[in-house]
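[1] Here is a sequence together with a model predicted from it:
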Amino acid sequence: MLTKNVKYVDAAGNPVEEELFFQLTKAEITEMEYSVKGGLSAMIQKISTTKDPGTVIAIAKELILKAYGEQYTDAKGIVRFLKNQDIRDAFAATEAYSTLFMSFVENVDEFNDFIIGIMPLDMQAEIRKAQADGVAPAIEAKGTK
């Protein structure tokens, strides 16, 4: 699970620092591999190679919202991570989302780290190695960063 601390100003003008939680499970990654043409890896490749900012923005939004959830402890004392459409919609309407989204638009290295960070732990080292070996795409800036 990836935790991001985001500072922003809320709708009432108050400064806020919020801890946000993101994670994709292996089941979600598998679902994306089969439901998106070319799979998640193709989405990441498209971010790396496209010159169309609209495509990058759409993919960034999809990954951020798909991975976002709320962490809580249930009655048994087990830490759970809840994700559903209501939670995603509520988050997408916040300045926290806007601030995070814009930070990724402005810093592709941070977005690359986010994508790796939302993957299951056992997949993260494999992805970083594949990127270093040139087998998997790393997100690179197109023009200015």
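    Looks like it came in fine.

[2] how close does the spatially closest residue to Q23 that is not a sequence neighbour get to F81?
    In this structure, Q23 finds its nearest non-sequential neighbour in M1, 4.4 Å apart by C-beta to C-beta, 6 or more residues apart in numbering. Placement of C-beta: from N, CA and C, glycine included. Distance, M1 to F81, by C-beta to C-beta, to the nearest Å: 7 Å.

[3] tell me, what's touching those two both at once?
    Contact criterion C-beta atoms under 8 Å, 6 or more residues apart in numbering; residues shared by M1 and F81: 21, 23, 71.

[4] Quick check: which element contains the last one?
    Assigned by DSSP states H and E, Q71 belongs to strand 68-73.

[5] I'd like the next helix or strand past that strand.
    strand 79-82.

[6] Sheet-wise, list the partners of that next one with their directions.
    strand 68-73 (antiparallel) (DSSP bridges).

[7] got the contact list for the strand it pairs with?
    Outside of strand 68-73, the residues within contact range by C-beta under 8 Å, 6+ apart are 1, 20-23, 79-83, 87-88, 91, 97.

[8] buried sites along that strand?
    Using 16 or more other C-beta atoms under 10 Å as the test for burial, strand 68-73 gives 68-69.

[9] likewise stretch 19-26?
    Buried, per 16+ other C-beta under 10 Å, within stretch 19-26: 20-24.

[10] what do you get for stretch 13-20?
    Neighbour counts using 16+ other C-beta under 10 Å place L20 of stretch 13-20 among the buried residues.

[11] Just flag the most distant two among the contacts of strand 68-73.
    For the contacts of strand 68-73, the farthest-apart pair by C-beta to C-beta is V79 and Y97; their separation is 23.0 Å.

[12] Checking the one residue sitting closest to the centre of the chain next. Helix, strand or coil?
    Central residue of the chain (C-alpha atoms, centre = their mean): I64, 3.6 Å from the mean position. Classification of I64 by DSSP: H, G, I helix; E, B strand; the rest coil places it in helix.

[13] so how far is L24 from it?
    11 Å.

[14] Cool, thanks, talk later.
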